Structures are given as C-alpha cells and as structure tokens.
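Visitor: Attaching a predicted model along with its sequence, questions to come.
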Amino acid sequence: MKTAFITGITGQDGYYLSKLLLEKGYIVHGTIRRSSSINTSRIDDLISEFQPQEKLILHYSDLLDSASIFNLINYIQPDEIYNLAAQSHVSVSFQNPIFTTQTGTLGSLSILEAIRRSKKEIKFYQASSSEMFGGAAKVKLNEQSILDPKSPYAVSKVFAHHMTKVYRDSYSLFSTNGILFNHESPHRGETFVTRKITKAVGRIYHGLQKKLTLGNLNASRDWGFAGDYTEAMWMMLQQKSPDDFVIATGETHTVEEFAQHAFSYVGLDYKKYIQTDKKYFRPNEVDYLLGDYEKAQKLLGWRPKTTFLQLVEMMVESDLNNAKREEILFN
Ligand code: NAP
Ligand code: G4F
C-alpha cells in the first residue's frame, strides 16, 4: 500500500488528486492551514468517507514553516509527494508579491531539501504552470519553449521549476515538473474567470444577480478539466525515470468565447449581462496560451478526455444547482 503526501489538499487539484489516490488504495496525508473559519469545504466528502478509516490524514502546516515540512516528511515517510500548495491567483500575486514568492520558492525548496536528506527514495511532483511561458506569441508551447514570466506568481513558479530540475540532476532525485495549462472544474475557486462566469450564469438564471463584471475578455487560454489533469500528475510519478511534461488540450479559447458558451447553455445572450471594469485588468497580461501535450501522450499515454464544451456545461450545471440552493435558502 502506497503513501502519498499532498500539500495544498484543500484546493481544487487537492480534491481531485486525493480522490484519485484514495480510490487507488493509497493512504493520503495532506496539509491544511489554520484559519479562523474552517477551509476544508472542497474535501469534506472525502473527509467523511476516508478519515474514519485512517486513509485520509490531515496535518496543520504552512509551506513557509520549513520545520513543519521537514518534520512531516520525516514522520510520514511518503512514497510520493505532490506539491500543490501555492498562492495560485495571478492577479493577487501583484498585490501580495512577497507571500506569493516565498510560498512558491522557499516552500518548494524546503520539500526538495527534506527529500534529499531522507533515507527513503521519495518521488516528487512540482505543480509548474503554463504561466511561466508568458504567452506573448501565438504559438503552441511545449517542454522546450522559452520561459518568460509576467507576474510574481509566474516568477516563483519558474524558480521552483528550475530547482526541481537542479535537484534531479545534482542528487538523482525523482523530481518531476508537470507544466499544466489552465484546468477548471465545479471545484474551481470562485475568483478565477471560468468559475466567476459559471457562478454568475447560475445566479442570473435564478434571478439572484443582474450583471457580471469582468476584465480582459480577449485573453486566450487552453482550458482543460482538473480531473483529467490530476490523473496526469499521478501518471508522471509512475514512470521509471523523472521528466517534465506539458499537460494541455491543444485548443485555445478567449474569455469572451467561454462566457458566450456558458450563457448560451441556459439560453441567454452574454452581451446583455457582461460589463468590464479596469480593476479586473492586470498590470501585465498573459495574452495567449496554447499547449502541446504530444510528449505526455507518447510517454505517459495521457490525453484529455473532456472537451471544452463538456467542461463549460459541467461547470454551468453545477452552478445552476448551487444558485437553486441559494434561492431556496435565502428567498
Ligand atoms: P488552489 O485551488 O488555489 O489551491 C491552492 C492550495 O494551496 C490550497 O489548498 C491553499 O490552502 C494552499 N496554500 C496556499 N498557500 C499556502 C501556504 N503558504 N502553505 C500551505 N498551503 C498553502 O490551486 P489549484 O488550482 O488547486 O492548483 C494547484 C497547484 O497547481 C497550485 O500550485 C497552482 O499554482 C498550480 N497550477 C494550477 C493550475 C490551474 O489551472 N488550476 C495550472 C497550473 C498550475 P487554503 O485552502 O488554505 O487557501
Ligand atoms: O482565471 P484566471 O484568473 O487564470 P490565470 O491568470 O490564467 O491563472 C490560472 O491558470 C494558470 C495556468 O496558466 C495557473 F498557473 C494559475 O494558478 C491559475 O490557476 O484568468 C484567466 C484570464 C486572464 O487573462 C485574466 O486577465 O482571464 C482574464 N480575466 C478577465 N476577467 C479575468 C477576469 N480573470 C479573473 N480572475 N477575473 C476576471 O474578472
């Protein structure tokens, strides 16, 4: 029976990855941060099912507390570590650059150091990001493409990405970078653009909201489904040797196209509801992201299973249900 340690288990990917590993029979340890209100809502169903059987074990920790990371890795002795924890909102990284950078850089390095000092061979997954590419040119990006980060978030991801390679090459660690393009789901944080749109569609449809205010509608993203992408993370750690992989769909769509499909799914014309406000524009925008997942397909046998339209529909359906519940509760 394998043991996995997941940082950032309370996030979107933490939910899908821990669900997958628990279903595969893993013992899963995860870190949660102490906050004044409980922040485990995304994994509550997994907690109810797997915590009583001691298959899911949660520990208070923060990536900035390197002592706690060291102690946990020493205590858990995991076979695999998935480093998903990050201040992952690009726009917020301009407002909180130091926290974002410290978490993204020193946090990852603390884990790599703990693995280097461990007697056990521990496989490591680093959550790298397509944001590292900067998205200035309209080209398909792969593992060889030049990194040109445009935000504090992206710079911190470049640091961890390179450090993961340095530890692989210098100390023969099994350390892997998954360069994941945007991936979404009904569990996506509500301030990322896809979820902000689908949540608004649900609420507008149920009469709980009138307008949706967004920023740059022309930005283009390669959007996939988080459930498909977390499976790729696991596949990377089942290989004989460590490597870096781009995970993407090979299709790109603008924010406006996403909104158009989301509104039209419930028979509404998005143009009647969307307005823009400068406050949602970024100091430096990543205009265009499109990924080439050929290497992952060849070596991992991975390909995306969910189409763009299926993703939009899945998210709208879920937010229609959420809005319906809200309507019943508060009206
Ligand atoms: P998410 O929903 O924002 O989850 C981030 C997780 O990190 C949460 O559990 C959060 O805890 C935790 N966290 C934040 N700061 C921390 C700290 N200092 N110490 C410990 N934990 C901390 O992000 P996601 O979408 O699941 O993404 C997972 C990882 O993949 C992130 O590293 C992200 O940067 C990267 N990534 C995501 C995408 C994407 O499209 N989703 C694409 C490429 C790469 P709280 O719940 O307490 O806030
Ligand atoms: O949904 P977003 O905030 O995601 P972004 O910036 O692409 O970052 C996400 O994907 C990265 C992978 O490439 C991850 F590494 C990162 O952790 C995160 O998960 O914004 C997408 C696009 C941007 O161009 C933004 O300017 O949508 C545009 N946008 C337009 N209006 C908006 C809004 N973004 C947000 N969050 N909110 C808006 O109102």
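Guide: Thanks, I have the structure now. Numbers count the residues shown, from 1 in each chain. Ligands and ions are numbered 1, 2, ... in the order given.

Visitor: W234 should be in a helix, yeah?
Guide: Yes - assigned with DSSP: H, G, I helix; E, B strand; the rest coil, W234 falls within a helix.

Visitor: For T7, give me its contacts.
Guide: The contact partners of T7, taken as CB atoms under 8 Å, 6 or more residues apart in numbering, are 30-31, 61, 63, 69, 81-85, 107, 111. C-beta coordinates here come from the backbone N, C-alpha and C atoms, glycine included.

Visitor: And for G301, nearest residue in space, chain neighbours not counted?
Guide: M235 (7.5 Å; CB to CB, 6 or more residues apart in numbering).

Visitor: hang on, isn't that neighbour packed against W302?
Guide: Yes - M235 is within contact range of W302, at 5.6 Å (criterion: CB atoms under 8 Å).

Visitor: For the residue nearest to G301, grab the count of nearby residues.
Guide: M235 has 17 neighbouring residues, counting by other CB atoms under 10 Å.

Visitor: now for the helix ranked longest in the chain, which elements pack on it?
Guide: Longest helix in the chain, counting residues (DSSP state H): helix 308-330. On a contact count with 3 or more CB pairs under 8 Å, 6 or more residues apart in numbering; DSSP states H and E, helix 308-330 meets helix 193-205, strand 224-225, helix 255-265.

Visitor: returning to that earlier point: give me the pLDDT for the residue nearest to G301.
Guide: You'll see M235 listed with a pLDDT of 98.

Visitor: On the three-state scheme, A127 is what?
Guide: From three-state DSSP, the assignment for A127 is strand.

Visitor: So it versus ligand 1, what's the distance?
Guide: Here A127 is placed at a distance of 3 Å from ligand 1 (CB to the nearest ligand atom, to the nearest Å).

Visitor: Quick check: bridge partners of that residue?
Guide: A127 has these beta-bridge partners by DSSP bridges: G178.

Visitor: was I right about it contacting G11?
Guide: No - using CB under 8 Å, A127 makes no contact with G11, being 9.6 Å away.

Visitor: where do the contact lists of those two overlap?
Guide: L84.

Visitor: what residues does the stretch 1-150 of the chain put near ligand 2?
Guide: By CB under 6 Å from any ligand atom, the residues of the stretch 1-150 of the chain that approach ligand 2 are 88, 90-91, 129-131.

Visitor: And the furthest pair within those residues?
Guide: Distance extremes for these: the farthest pair is S91 and S130 at 16.0 Å, using CB to CB.

Visitor: mind checking which helix or strand L112 is in?
Guide: helix 97-117 (DSSP states H and E).

Visitor: returning to what we had before: so, in contact with ligand 2 or not, the longest helix of the chain?
Guide: No - looking at helix 308-330 against ligand 2 by CB under 6 Å from any ligand atom, there are no contacts, and the closest approach is 12.2 Å.

Visitor: count of residues packed around T213?
Guide: 13.

Visitor: Also G189?
Guide: With other CB under 10 Å as criterion, G189 counts 14.

Visitor: Let me see the contact set for it.
Guide: Counting by CB under 8 Å, 6+ apart, G189 makes contact with 11-12, 88-89, 195.

Visitor: what about 10 Å?
Guide: 11-12, 42, 88-89, 195-196 (CB atoms under 10 Å, 6 or more residues apart in numbering).

Visitor: again with L268
Guide: 201, 204-205, 262.

Visitor: Tabulate those in CSV, adding columns for distance to ligand 2.
Guide: Formatted as CSV, these follow (distance: CB to the nearest ligand atom, whole Å):
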residue, distance to ligand 2
V201, 14
I204, 15
Y205, 19
A262, 13
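
Visitor: Show me which residues of the stretch 201-331 of the chain sit near ligand 2.
Guide: Counting by CB under 6 Å from any ligand atom, the residues of the stretch 201-331 of the chain near ligand 2 are 214-216, 219, 221, 255, 280, 282, 285-286, 289.

Visitor: Turn the buried ones among the residues you listed into a named PyMOL selection, would you?
Guide: In PyMOL, a selection of the buried entries from those looks like this (16 or more other CB atoms under 10 Å):
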select buried, resi 214+215+216+219+221+255+285+286+289
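
Visitor: So which of S91 and S130 has more stuff around it?
Guide: S130 (25 against 17).

Visitor: which residues sit in contact with the closest residue to that one other than its chain neighbours?
Guide: Excluding its sequence neighbours, the residue lying closest to S130 (CB to CB, 6+ apart) is F181, at 4.3 Å. Contacts for F181 (CB under 10 Å, 6+ apart) come out as 129-131, 133, 141, 221-224, 229, 246-250, 252, 289-293, 304.
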